[in-house]
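**Q** Here's my sequence, what's the structure:
(2 chains)
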Amino acid sequence: MTVRTAPEPVVVDELITETADRLFGELCTHEAVQAAEDSGEAPDIWDAFCETGFDLIAVPEDAGGSGGTLAEAIEVLRLVGYHSAPIPAAENGILGGWLLAEAGLERPDGLVTVIPPRATEGGWSGGGACSVSLDGDGTAVLNGEAHRVPWARSAEAIVCVCECDGRTTVVSVPTSECTITPLPNMAGEPRDSVSFDGATGRAAPTPDGVDAGALAQRGALSRVALMAGAIEKMCQLTVSYTNERVQFGRPVARFQAVQQHLVWAAQDAALVRMAAEVAAREATRGDAPFEIAAAKLVANQAAARATKACHQAHGAMGMTQEYPLHHFSRRLWSWRKEYGSDAHWSAVLGEMATGVGADGLYPLITSGTAALG
Amino acid sequence: MSVSSETPAATADGVTSTLTPDDIRAALDGLLERRTDQTRLTSMGAGSDDLDDGRAYLAATVDGGWHVPTWPSNHGGRDASVAENQLIGSVLREYVVPDLYPFAIGLGMVGPALLAHGTEEQQDRWLRPIASGAEIWCQMFSEPEAGSDLANVALSAAEDGDVWRLDGQKTWTSRAMWSKWAICLARTDPDQPKHKGLTMFVIAMDAPGVDVRPLRQMNNDAHFSEVFVDGAVVPDAWRVGDVGEGWRVAMTILSHERAGAGSRGGGDGAKRGSRIPTWIADLAALGALDDPIGTDAARRDEAMSIYAADMASRWTAQRAADEARSGGSPGPAGSGAKLRTVSSYKRRAYLANRSAGAAGMLEDGHGYIETVTAPSMSIRGGTDEIQRNILGERVLGLPGEPRLDRDVPWRESRRGLL
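**A** Presented below is the predicted three-dimensional model:
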């Protein structure tokens, strides 16, 4: 019999939650979030966010970051989602910042974004639809296109991870080398198209374990955190509105038909938050492919149910731009498509489950990634 | 049961009509364009608010009475029987019929209500401009405090000689900014219980004291407005139905709205010469249905499940139309039609958007406008919950929801935001 020692607890400093909640609560008013949709940028909110150091949380201090754990960065992202803060918090920190730090590449002075990897038959492919060639002194030359790059229009540099000459390589390209076509996602957040025509950037090989698949997992985890916050807030808005709105002589929340919607939304909020916390904890300790795959699938499915339930319980009010529900529902519809669809993560989980076999299934459910051996 | 499109239809009095599909085509060929493989149609105003196309279509078809065949021939119809109406409808699907969203309240709701409750003078004045597209109508029913609880309307109408003076606020008034006229539910007696003190009026949208302020929706359209009414004057000749009978007239209008929302039975049309609905053809073109074993299999399942439900809805709608008397009110069963159509719309929207993969996250991605419009479908025109309540209470005869305010004078009832 093996005796396992209890893993180190992963604790998120309460000060982080309080600070981020207060910051976004003050800045991300309904009007500010709505206004950010027009240009896709909210410089005031981004600057205030940077002043707290949250922009580089979980990026090591010796690489110019703010330090802290991945779990703490994920908690900040949950609050970004909760307040629908219109900023590229994940891209600049735990995605782009992480890749640069791991590869030992210099951070530019300004915002960094990443090209989201694409799911392909053989796994994840990192560089969008572009080809990268290297010359001897660490210069990369890029040709081709990348799509749905978050906040490319605001960034100083675009980072991607790709295979070059048989080595996994991180490439950082200044946006001054690229042509950017601004495009919005369903929530008006920038998901721009970028074309490279002989763009030059810096390249460096990655250490083991840092590749397109690892970036996809971190990206998926970042979306789960954002979605957990958004569903929670959407649910709170719905409970509060249905308790105030009177029809037929009583608050509509007293009707069982409306209560059913509220219960679905509340279950989904709790479910996604728990999935996000478990995945963040395991990813902070080490690899967490099972927890992240499960969390993104749970979040994607919950987003579909909870947006339906919350919109229906709100009635017509929830459909207007003047009421904030849509900030959350439209973000959720977009985020569920990013870093892996339901079908993708279902297939990943299915492979894990069939891989461990019948006897391994229950340990996989109870112990997660640790049971994969 | 299916209606063969090549047999003549029976007339209202049961005698076989001489009207054949080829007669209809002969008339329509000079008026309208045939649909082609390239024809793309929107529905229910999703992404389209083109007034000119709809107006040109209605103007072209009004003399033959082809769009509202069951209406009287002197009011823009052609006195058609239910069967003739169906035959004309099936032939019309071979032609380019634009999205009539801007005109739908007049054609589908106000017109039938005026035929049922309007005076001869009112029918003469208003019906033909509805059928020809010359005059657009809106429906001023919902208010900030009267949504699902529609009978709670507060907008007041006070009699002043042979006119009425209207004061109050409406909201969610779709098409208000295009409208020349509105049919408006107003409270004429606040001392009666809420359903009893209501009266229906027609109000001119350009009258002094009527102020339309569009509300922008999350799908970025501004089809819905708030309408503020401040002392607007309405002649008594524009009252529809008796004083205190407003709820009954409203129920006629709403049953037409629900049945109208459900009349196509879900799913938009197929290309000419094809049995495959356009939305399935679009999915197939995306490659979303290619693989019968892998991840496409779930999409195929969902697509076929929606298709089967649509076909059942369509046949149910045809049967209901056969049973309904020409010009009669569709009744509470229209709620079932609305539930089915809404469910189909939402499922198609989500399937289309999901099938686009990551590119579906973009504004203007495949299924985008439908996805951000879909949540409103089960709310506008009466929520799913209200429709189920109607079916439960009025079709199945189940015990009613407890109603705390049914017999209380309206002015004493509890309402609004707490």
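**Q** from here on, contacts and neighbour counts on C-alpha atoms
**A** Noted.
**Q** For the stretch 51-200 of chain A, which segments are assigned as strands?
**A** With strands called from DSSP state E, counting those that start in this stretch, the stretch 51-200 of chain A shows them at A:112-114, A:118-120, A:123-125, A:129-134, A:139-150, A:157-164, A:167-174, A:178-181, A:191-205.
**Q** Need the residues that contact the fourth one.
**A** Right, the one you point to is strand A:129-134. A:140, A:141, A:142, A:143, A:144, A:145, A:146, A:162, A:164, A:196, A:203 (Cα atoms under 8 Å, 6 or more residues apart in numbering or on different chains).
**Q** hey, where'd the strands end up in the stretch 1-150 of chain B?
**A** Using DSSP E, counting those that start in this stretch, strands in the stretch 1-150 of chain B cover B:137-140.
**Q** Now it against chain A: closest residue?
**A** residue B:149 (5.4 Å; Cα to the nearest Cα).
**Q** Which of the helices or strands spans residue B:352?
**A** Per DSSP states H and E: residue B:352 is located in helix B:334-355.
**Q** Tell me the buried residues in stretch B:280-290?
**A** Neighbour counts over stretch B:280-290 (16 or more other Cα atoms under 10 Å in any protein chain shown) mark B:280, B:283, B:288, B:289, B:290 as buried.
**Q** same check, this time on stretch B:161-180
**A** Judged by neighbour count using 16+ other Cα under 10 Å, the buried positions of stretch B:161-180 are B:163-180.
**Q** again, but for stretch A:62-73
**A** Within stretch A:62-73, the residues that count as buried by 16+ other Cα under 10 Å are A:63, A:65, A:66, A:67, A:68, A:69, A:70, A:71, A:72, A:73.
**Q** from the buried residues of stretch B:161-180, which ones fall inside strands?
**A** B:163, B:164, B:165, B:166, B:167, B:168, B:169, B:170, B:171, B:172, B:173, B:174 (DSSP state E).
**Q** got the buried residues of stretch A:62-73 as CSV, with distance to chain B columns?
**A** Conversion of those to CSV gives the following (distance: Cα to the nearest Cα, whole Å):
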residue, distance to chain B
A:63, 32
A:65, 31
A:66, 32
A:67, 32
A:68, 31
A:69, 29
A:70, 26
A:71, 26
A:72, 28
A:73, 24
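**Q** give me the low-pLDDT residue ranges for the chain?
**A** If you meant another chain, say so; for now it's chain A. Where chain A drops to pLDDT under 70, the residues are A:1-4.
**Q** Hmm, no, I was thinking of chain B.
**A** B:1-17, B:37-49, B:260-274, B:321-330, B:414-418.
**Q** interface residues of it facing chain A?
**A** B:145-149, B:152, B:172, B:215-218, B:220, B:295, B:357-363, B:368, B:372, B:375-376, B:378-380, B:383, B:385, B:403-405, B:413-418 (Cα under 8 Å from any Cα of the partner chain).
**Q** picking up where we left off before, of all pairs in the buried residues of stretch A:62-73, which one is the farthest apart?
**A** Using Cα to Cα, the two most remote members of the buried residues of stretch A:62-73 are A:63 and A:71, lying 18.6 Å apart.
**Q** Then residue B:211 would be within a helix, right?
**A** No: remark: residue B:211 does not belong to a helix; assigned using DSSP: H, G, I helix; E, B strand; the rest coil, it is strand.
**Q** I'd like to know the beta-bridge partner residues of it.
**A** The partner list for residue B:211 in beta bridges (DSSP bridges) reads residue B:228.
**Q** Give me the subset of the buried residues of stretch B:280-290 that lies in helices.
**A** The helices in this structure, assigned by DSSP state H, contain B:280, B:283 from these.
**Q** quick one: which of the buried residues of stretch B:280-290 is nearest to residue A:99?
**A** The closest of the buried residues of stretch B:280-290 to residue A:99 turns out to be residue B:288 (Cα to Cα; 33.6 Å).
**Q** Could you check how far the closest one is from residue A:337?
**A** Taking Cα to Cα, to the nearest Å as the measure, residue B:288 falls 15 Å from residue A:337.
**Q** And residue B:226, by the same measure?
**A** In this structure, residue B:226 and residue A:337 are separated by 35 Å, where distance is defined by Cα to Cα.
**Q** ok, and for the host helix or strand of residue B:303, which residues are buried?
**A** Secondary-structure assignment from DSSP H and E places residue B:303 in helix B:296-323. The neighbour-count criterion (16+ other Cα under 10 Å) identifies B:296, B:299-300, B:303, B:306-307, B:309-310, B:313-318, B:320-321 as the buried residues of helix B:296-323.
**Q** With stretch A:338-357 instead?
**A** Residues of stretch A:338-357 classed as buried by neighbour count (16+ other Cα under 10 Å): A:338, A:339, A:340, A:341, A:342, A:344, A:345, A:346, A:349, A:352, A:353, A:356.
**Q** Can I get that stretch in CSV? Just the C-alpha atoms.
**A** Coordinates of the C-alpha atoms in stretch A:338-357 are reproduced here as CSV (Å, rounded to 0.1, in the frame of the first residue of the first chain):
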residue,chain,number,x,y,z
GLU,A,338,-12.1,29.9,-27.4
TYR,A,339,-9.3,27.5,-26.4
GLY,A,340,-11.4,24.4,-27.2
SER,A,341,-15.0,23.7,-27.9
ASP,A,342,-17.2,21.2,-26.0
ALA,A,343,-16.5,18.7,-28.7
HIS,A,344,-12.7,19.1,-28.4
TRP,A,345,-12.5,18.7,-24.6
SER,A,346,-15.1,15.9,-24.7
ALA,A,347,-12.8,14.0,-27.0
VAL,A,348,-9.8,14.7,-24.8
LEU,A,349,-11.6,13.5,-21.7
GLY,A,350,-12.9,10.5,-23.7
GLU,A,351,-9.4,9.5,-24.7
MET,A,352,-8.2,9.8,-21.1
ALA,A,353,-11.1,7.7,-19.8
THR,A,354,-10.7,5.0,-22.4
GLY,A,355,-6.9,5.1,-21.9
VAL,A,356,-7.1,4.2,-18.2
GLY,A,357,-9.6,1.4,-18.8
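**Q** Bridging across strands, which residues link to residue B:217?
**A** According to DSSP bridges, the residues that bridge with residue B:217 are residue A:320.
**Q** contacting residues for it?
**A** By Cα under 8 Å, 6+ apart, the contact list for residue B:217 reads A:319, A:320, A:321, B:224.
**Q** which ones are touching the third one?
**A** For residue A:321, the contacting residues are B:215, B:216, B:217, B:218, B:220, by Cα under 8 Å, 6+ apart.
**Q** Look up phi and psi at the fourth one.
**A** Recorded main-chain torsions at residue B:218 are phi -70, psi -20, according to degrees, to the nearest 10.
**Q** what's around it, how many residues?
**A** Each residue near residue B:218 was counted by other Cα atoms under 10 Å in any protein chain shown, and the total is 24.
**Q** Residue A:204 now?
**A** In terms of burial, residue A:204 registers 22 neighbours under the definition other Cα under 10 Å.
**Q** Alongside chain B, which residues does chain A contribute?
**A** For chain A, the contact set with chain B under Cα under 8 Å from any Cα comprises A:148, A:183-188, A:191, A:244-251, A:257, A:308, A:311-312, A:315-316, A:319-322, A:326, A:330, A:333-335, A:337-338, A:340-341, A:343.
**Q** Show only the entries of these found in helices.
**A** Those of the residues of chain A next to chain B lying in helices (DSSP H): A:244, A:257, A:308, A:311, A:312, A:326, A:330, A:333, A:334, A:335, A:343.
**Q** do you know how far residue A:240 is from residue A:264?
**A** From residue A:240 to residue A:264 the distance is 15 Å (Cα to Cα).
**Q** about what we covered before: just the angle for the helix holding residue B:303 relative to helix B:334-355, thanks.
**A** Following axes from the mean of the first three to the mean of the last three Cα atoms, to 10 degrees, one obtains 160 degrees for the angle between helix B:296-323 and helix B:334-355.
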